[in-house]
Structure formats: structure tokens, C-alpha cells
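>>> let me see the structure of the following:
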Amino acid sequence: KFLSGFLALGAAFFIGSFGTIEHIGLNLRYGAALFASLFAMYYLLTATIDWKSLSKDYFAWVLFFLGLCTSGQLLEVYLRGNVIVDGQIVRMYISFGWGTYNNLGVMLLVSMPGAFYLAVVRKRAVIFNLFGNFFYLCVLLSNSRTCMMAGAVVYFICMYFVLREKKNYRQNFGVFLTALILVLIFCVVFNDLVTKIFKELITIGASDSGRWGIYDRGAAQFFSSPIFGKGFFASDAYDWWEVAGVNLLPPLWHNTFIQMLASCGFVGLLAYAYHRVQTFWHFVKNPTVEKTFLGICLFAFLLTNILDCHFFLLGPGLFYSSFLALTEKDGAGTGLRMLIKNK
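You can find the predicted model right below:
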């Protein structure tokens, strides 16, 4: 269902690779890897999954156990005692073999809808609802500012859809009410601590970590080549960009729209918009409970890309395309599986 949108993105990556002569090889290498991360897993799954035997809550269990594993890693880091120094959380110490606090935060964030979905459809709603709340607490402990803000939006969206379902309504309402009461009690008992936390958050929030400077330079790069862009490696947003070629990843612009405009020009932005309209229409057309919560999961992921660059980091792209493929459960009988069956 999303083939044309993915091909449009791939074409934009390819065309933009020729934006600067000295970076053509690097751009083509990364563009191919990025397209593969977004499309290959999507097509592999849509073509080979036995849709009839696939449980409709499979996605939720994957997200649920993803949340358990990542939250366990986070708690283990805190228990080692390396994160809290002189009463302050040093988020740079929240690091794992596969990523930093930002990577952890986004994985915890996308796990939340899976737990809340299970709170809607399963009998033991209280347990899964508690885990959904726990995952958001872990998002806050990850200290990823983008995920903390996006998590607040996603949490209330999940709350709305969970309470909208009559099944398990009383149990779920009781959990959310209890969570609210506990937060209020915590704010009253630890008033000084809460005040200090909010002051620090406001101070941190006032800092854009150089984002606006990066965006200004990205816009300038777009205006220097507005139609096809200048490629992924033609970036002076960072002082270290000249040596970025030794790695597969280029320096990134920390915003999906700026990234597409600066790297692939107006053509790239149109390709991304086409892909996004395709996905949006898919979720709003004939919605189901499963499709709704999968949509919330992917919305959470995309929301973080307003201030971060997870969409362009290859690994998260595999996640994005895999779960987008699972939304096609109603599209059984297409792709390679059908060809094999017909033979």
C-alpha cells in the first residue's frame, strides 16, 4: 500500500546525491542504506507474513516486551550509581552499547501505546495500564527532552482512547485516577524538590542546544539549491562535518523537514509529504483499535523527529518500516506470499 511513497523517497535520496560533486559517493552510499532501512523490512514483511495466522495483538506484545527490556536497562544504569552525581542526574551517563539517552527515550516512548492497547483488550487491564504508566515514568527518567515532551502528548492521547472503550473502563479509570492522586501527593510532600525540578526543566527548555542555528544554516543550504538539494553530506551545520565521511552516517539537521529540504530540496519535501499523506490516510480510513494504537506508536516516533533525527538513523528506520508493515493486516493476499501460493 505504501510502495509508491517509499519509491518517491528513494528517488529523492538518489537525485539529491548528485547535489555536490565531491560527496556523490558518500551520498549514494548513505541514501541506499537509508532507503533499505525504510523499505526493505517493510516489503519483506508485507510479502512474506502469513497474515491469516498473525495475531492481531502481535504488535502490542512486541512493544510491551520492548518496553520491559529497555526500562530494565535504564533501571540497571541507575542502580549502578553512575548517573546521579552530587544529587544531579547526568544524562550523558545514560548510555548503552546500542545508543544514548535519546535512543533509549524514543524506544520507551513507542512502547507506551502497546501497553495501553493491552489495557483495552485484555482482562487484566490494571496490570497493563500500570505498565503503560511505568513506561512513561521511564521516559522521564531517560532525560531525553524531546521524548519527555512528546511522551506527555502521547500519554494523554492513549488515556483518551483507553477510556473511550467501555471494556475495562472502571479498571482503567481507577488506574489513571490513582496516578493523578499519587502525582498530587508527591507534589505536596516534596514541594521543594518539585519546584527545583520545574526550575531546571524551564532552564533546560529555554536552551535550544543550538537547534535554531542549525535550522538557519539548513534553510540557507536549501535556498542555495532549492530544487534537488545538495545531498546528505553537504552540511556545515557541525564543526566535524568534514570528517563525517569516514562513517556511514552524515551530520544530520535534527528536523525531518529541514533535513529533506537541505539534502533533497523541494523534490525531497514533496516526496516525504506524499509518503506522509499516504500513511495518514491509511490510518484514518476504516480505523480499528489495532490500527489506532499502531498509529499512535508511529505518531510518537515521528513527533520526536521535529527536534531529533531518528528517522534518518537507519536502526529506527527498521522499526518504523516494520510496524508500518503490520498495519497492513487487512491487506492479505498481496506480494511474494501470494505469488508463491499461486505457483
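
>>> and the helices in the protein?
Here the chain has its helices, by DSSP state H, at 3-16, 24-48, 58-79, 101-121, 125-142, 145-164, 169-189, 191-206, 211-224, 256-284, 289-304, 315-326, 336-342.

>>> those helices: which one's closest to residue 231?
Proximity to residue 231, assessed across these by CB to CB, is greatest for helix 24-48 (4.0 Å). C-beta here means a position set from N, CA and C on the backbone, and glycine is covered the same way.

>>> and that closest one, average pLDDT?
For helix 24-48, mean pLDDT is 91.

>>> which residues are in contact with that helix?
When contacts are defined by CB atoms under 8 Å, 6 or more residues apart in numbering, helix 24-48 is touched by residues 2-3, 6, 9-10, 13-14, 16-20, 231-233, 245, 248-250, 312, 314-315, 317-318, 320-322, 324-326, 328, 331, 334-337.

>>> filter these down to the buried ones, PyMOL style.
In PyMOL syntax, the buried subset of the contacts of helix 24-48 is picked out as below (16 or more other CB atoms under 10 Å):
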select buried, resi 2+6+9+10+13+16+17+19+20+231+232+233+250+312+314+317+318+320+321+324+325+326+328+335+337
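
>>> quick revisit: for the helices of the chain, which one ends up most surrounded?
helix 101-121 (a mean of 27; mean count of other CB atoms under 10 Å).

>>> now for that helix, which elements pack on it?
For helix 101-121, the elements it packs on are helix 58-79, strand 95-96, helix 125-142, helix 145-164, helix 169-189, helix 289-304, helix 315-326, judged by 3 or more CB pairs under 8 Å, 6 or more residues apart in numbering; DSSP states H and E.

>>> which among those is found nearest to residue 225?
helix 315-326 (24.6 Å).

>>> what angle separates the closest one from helix 101-121?
Relative orientation of helix 315-326 versus helix 101-121 (axes from the mean of the first three to the mean of the last three CA atoms, to 10 degrees): 20 degrees.

>>> now helix 315-326 - C-alpha only, CSV.
Below are the C-alpha coordinates for helix 315-326, written out as CSV (Å, rounded to 0.1, in the frame of the first residue of the first chain):
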residue,chain,number,x,y,z
GLY,A,315,18.1,1.4,13.0
PRO,A,316,14.9,3.3,14.0
GLY,A,317,14.0,3.2,10.3
LEU,A,318,13.9,-0.6,10.5
PHE,A,319,11.5,-0.2,13.5
TYR,A,320,9.4,2.4,11.6
SER,A,321,9.0,0.2,8.4
SER,A,322,8.4,-3.0,10.3
PHE,A,323,5.5,-1.6,12.3
LEU,A,324,4.1,0.2,9.3
ALA,A,325,4.0,-3.2,7.6
LEU,A,326,2.0,-4.6,10.5
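
>>> what packs against it?
helix 24-48, helix 58-79, helix 101-121, helix 289-304.

>>> any idea how far it is from the chain center?
Put simply, helix 315-326 sits 10 Å off its chain's centre (CA atoms, centre = their mean, to the nearest Å).

>>> that older thread, rank the helices and strands packed on helix 101-121 by pLDDT, which is bottom?
Among those, strand 95-96 carries the lowest mean pLDDT, a mean of 76.

>>> what's next to that one, contact-wise?
Strand 95-96 has contacts (CB under 8 Å, 6+ apart) with 73, 77, 101, 103, 104.

>>> in CSV: these, plus distance to residue 162.
CSV is the format used below for the contacts of strand 95-96 (distance: CB to CB, whole Å):
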residue, distance to residue 162
73, 26
77, 30
101, 27
103, 27
104, 24
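
>>> shaky segments in the stretch 201-343 of the chain?
201-209, 236-246, 330-343 (pLDDT under 70).

>>> contact partners for the closest residue to residue 306 other than its chain neighbours?
The shortest distance from residue 306 to any non-neighbouring residue, by CB to CB, 6 or more residues apart in numbering, is to residue 255 (6.2 Å). Neighbour list for residue 255: 211, 215, 218, 305, 306, 307, 309 [criterion: CB under 8 Å, 6+ apart].

>>> can you tell me the closest non-neighbouring residue to residue 17?
residue 27 (3.5 Å).

>>> look up how far residue 278 lies from the one you found.
25 Å (CB to CB, to the nearest Å).

>>> check residue 221 too.
The gap separating residue 221 from residue 278 is 27 Å, by CB to CB.

>>> now do residue 320
Distance of residue 320 to residue 278, computed by CB to CB: 14 Å.

>>> cool, and residue 255?
21 Å.

>>> need the contact list for residue 102.
Going by CB under 8 Å, 6+ apart, residue 102 touches 142, 144, 146, 147, 308, 310.

>>> closest to residue 50 among these?
When the contacts of residue 102 are compared for distance to residue 50 (CB to CB), residue 310 wins out at 30.1 Å.

>>> in space, what's closest to that closest one - neighbours in sequence excluded?
residue 316 (4.2 Å).

>>> wait, that neighbour sits on residue 104?
No. The pair residue 316 / residue 104 is not scored as a contact, 12.0 Å apart, by CB atoms under 8 Å.
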